[in-house]
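A.B. asks: can't give you the sequence, but here's the structure:
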């Protein structure tokens, strides 16, 4: 006989969570509820484990940025140093020169993100808890994709409310790097330009498209025609990996929200580089899920509509370097 204590037991919190999902799933199946509270889009703390469990593959920029709970707020302002203190030589009996730092703030304002997705009607054959989880995951995935896009390039081409890296006033335009194509100098030009004049930050991530990642792999040396860059995808999260150039190793993250270098026109942004923690994502509400069995009746699909209030902005002065397409005569690197 096996010892009774050798069998695994569920914690009370696990049972409560399971019971809640079963109740919500049963309510959906019995058509007693049309709207179901879905929970948080991303947790302000312990984000990494949460994301891997819920999402798996896909753009993981939402998992890496700083997340702040802004529930109940209409706007959130984050102060930052826009110019550092200065010091100067001071002659005897003379007043010290003013070397005070200057400050500014980045505004994070909410937008309502509403996304639509579909799940198979066969999912109703699942048990109640699994059914609710399927509905929840479908809506969350659609919302997170849209938020990841906004982090890169804002929610609009003009008068954006959700401010992406592309349009943030926290980044000075004179720090932008202009290139015509990806060559043997591109990686070090981007990575070593990040940070101050007397330091090199090792926390940066290169945001780029999959085609540009391939372009890095295609770069060959002049004499032996060997690959200049070594690309190593992460086996656990294939959205990320590293690019190595000699002794320089840079983490990368793939995104569909930028323009490929080969097809970009002058002024288009093709890559961003910086620490994701320099971007702050404000959660102004939980997300909610609405389910309809009628909208896609002919295709035997369940229509799922998710909604959340969220905003974001770069909150550190020049927290990212932006790489854009250049004219031939002005190209660098």
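C.D. replies: The structure has been received and is ready for your questions. These numbers come from a predicted model, not from an experiment.

A.B. asks: what are the ranges of the strands in the stretch 201-333 of the chain?
C.D. replies: 205-208, 230-233, 240-245, 248-254, 269-274, 279-283, 287-292, 301-314, 320-325 (DSSP state E, counting those that start in this stretch).

A.B. asks: would you list those strands in TSV and tack on mean pLDDT, mean neighbour count and distance to residue 70?
C.D. replies: Every C-beta, even on glycine, is put in place using the N, C-alpha and C of the backbone. Compiled in TSV, the strands of the stretch 201-333 of the chain are given as follows (pLDDT from 0 to 100; neighbours: other Cβ atoms under 10 Å; distance: least, Cβ to Cβ, whole Å):
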stretch	mean pLDDT	mean neighbour count	distance to residue 70
strand 205-208	97	24	24
strand 230-233	96	13	34
strand 240-245	95	17	27
strand 248-254	95	19	25
strand 269-274	96	24	22
strand 279-283	95	25	4
strand 287-292	82	19	14
strand 301-314	89	23	8
strand 320-325	96	22	22
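
A.B. asks: Please render the ones you listed as CSV that adds distance to residue 120 to the earlier fields.
C.D. replies: Below are these laid out as CSV (distance: least, Cβ to Cβ, whole Å):
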stretch, distance to residue 120
strand 205-208, 33
strand 230-233, 30
strand 240-245, 30
strand 248-254, 28
strand 269-274, 37
strand 279-283, 30
strand 287-292, 13
strand 301-314, 6
strand 320-325, 40
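
A.B. asks: so which of those gets nearest residue 139?
C.D. replies: Each of the strands of the stretch 201-333 of the chain has some distance to residue 139 by Cβ to Cβ; the shortest is strand 301-314, at 3.2 Å.

A.B. asks: Which strands or helices does the closest one pack on?
C.D. replies: strand 102-108, strand 111-120, helix 128-153, strand 279-283, strand 287-292 (3 or more Cβ pairs under 8 Å, 6 or more residues apart in numbering; DSSP states H and E).

A.B. asks: Select, out of the ones you listed, the one closest to residue 254.
C.D. replies: Using Cβ to Cβ, the nearest of those to residue 254 is helix 128-153, at 10.8 Å.

A.B. asks: on that earlier part again, just say which of the helices and strands packed on strand 301-314 is most tucked in.
C.D. replies: Stretch with highest mean neighbour count among the helices and strands packed on strand 301-314: strand 279-283 (a mean of 25; mean count of other Cβ atoms under 10 Å).

A.B. asks: and that one, how far out from the chain's middle?
C.D. replies: 10 Å (Cα atoms, centre = their mean, to the nearest Å).

A.B. asks: That one to strand 301-314, inter-axis angle?
C.D. replies: 130 degrees (axes from the mean of the first three to the mean of the last three Cα atoms, to 10 degrees).

A.B. asks: Taking strand 269-274 as reference, get the angle to strand 279-283.
C.D. replies: Here the directions of strand 279-283 and strand 269-274 differ by 90 degrees (the same axes, to 10 degrees).
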